[in-house]
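1. Next input, structure requested:
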Amino acid sequence: MPDYKRMYLELFRATTEAIELLQRAQIKTEEIYLSSEAQVIPLIQPERDEREEQP
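-> Numbering: from 1, shown residues only. Purely as a prediction, here's the structure:
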């Protein structure tokens, strides 16, 4: 008979480790973002099609 408790605990531990790994990665990338210099991101407006109706 399979040891369901052992199987569950193994899966739970692995899931917990994966979540913690993702949380650490998120924190690290947020720190990188916050420590970088602010950059201006230009917005590109699409060209208006002359066939479009004017409001």
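
2. on contacts alone, who are the packing partners of the helix or strand hosting Glu17?
-> Using DSSP states H and E, Glu17 maps to helix 4-35. Helix 4-35 sits against no helix or strand, with contacts defined as 3 or more CB pairs under 8 Å, 6 or more residues apart in numbering; DSSP states H and E. For the C-beta atoms, the positions are set from N, CA and C on the backbone; glycine is no exception.

3. and Ile27, how many neighbours does it have?
-> The number of residues packed near Ile27 is 10, by other CB atoms under 10 Å.

4. Also Glu17?
-> 10.

5. before we move on, what about Met7?
-> Neighbours around Met7, by other CB under 10 Å: 10.

6. can you check the one 5 residues further on too?
-> Residue neighbour count, defined by other CB under 10 Å, stands at 10 for Phe12.

7. again with the one 4 residues further on
-> Residue crowding around Thr16 was assessed by other CB under 10 Å; the count is 10.

8. swap in Thr29?
-> 10.

9. Please report the distance of the residue nearest the centre of the chain from Phe12.
-> Geometric centre of the chain, nearest residue: Gln26, 7.3 Å, by CA atoms, centre = their mean. Note on Gln26: its distance to Phe12, by CB to CB, to the nearest Å, is 21 Å.

10. Could you count how many residues lie near Ala18?
-> 10.

11. Next one: it from Thr29, what distance?
-> Ala18 sits 17 Å away from Thr29, going by CB to CB.
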